[in-house]
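>>> Any chance you could fold what I've pasted below:
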Amino acid sequence: MIITPATLADVDVIMAWRRERVAWLHDRGEDQWSIPLPRSAVAATVQAGQTWMVWEDADPLATVTLTAYVDVDSLWKPDRDPEALWYADDDPADALYAAKMMIPLRHSGAGLGGEMLDWAGGRAYDAGLTWLRLDAWTTNPRLHAYHVGQGFRHVRTIDSRVSGACFERPAQPYVGRLKTEIR
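Numbers count the residues shown, from 1 in each chain. Alright, predicted model coming up:
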């Protein structure tokens, strides 16, 4: 399996996966991702080189978006704004932030999510950063338990935000099966 930067040609695939997952979550009684994600927002992260795609041969398997501190000004504010996810005390510049991880249902359950998080933690480690961080949907305890099971610790939950459950784990070298390719 390889992981490559997403291209604009991948945006429609990502949006289809999102629609599939929203329906699946709704059927499970979850409100996660009930706020529509504009196609333009996905295209912007792709154009910025932040979104990655996992492939096996020509089959797309998954996606994840990684951002650095300079890209996530909306995630923290130094004055401890009650809407902020990360505070100045957290040293937000010392982390890589994973978001919008999606695996289509036909590929779920094979450990690919954990593999992508390990790969992202390796990217953070290679960049000299201490943490891999993410924020999860506030009202999805199954997702919170998943992240804890992946070695993340819960830092805080900002209840006023839909995706306000903050998690982090130390960055570490990646030794998994994803091979990074820049095309």
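>>> Identify the single longest helix in the protein, thanks.
Looking across the chain with DSSP state H, the single longest helix is helix 11-27.
>>> Residues contacting it, please?
With C-beta atoms under 8 Å, 6 or more residues apart in numbering as the test, helix 11-27 has contacts from 6, 31-34, 37, 39, 42-43, 46, 51, 53, 60, 63, 102-105, 140. (C-beta placed from N, C-alpha, C; glycine too.)
>>> Helices of this protein, residue ranges please.
Going by DSSP H, the chain shows helices at 11-27, 39-47, 112-126, 141-149.
>>> Run through the bridge partners of the most centrally placed residue in the chain.
Residue closest to the average C-alpha location in the chain (C-alpha atoms, centre = their mean): Ala99, at 2.1 Å. Under DSSP bridges, the beta-bridge partners of Ala99 are Thr65.
>>> For it, report the pLDDT, please.
Note on Ala99: pLDDT of 95.
>>> So which bits of the longest helix of the chain are buried?
Neighbour-count burial for helix 11-27 flags 11, 14-15, 17-18, 21-22, 25 (criterion: 16 or more other C-beta atoms under 10 Å).
>>> State the number of residues packed around the closest residue to Glu115 other than its chain neighbours.
Closest residue to Glu115 apart from its sequence neighbours, by C-beta to C-beta, 6 or more residues apart in numbering: Gly176 at 5.3 Å. Look at Gly176: counted by other C-beta atoms under 10 Å, it has 15 neighbours.
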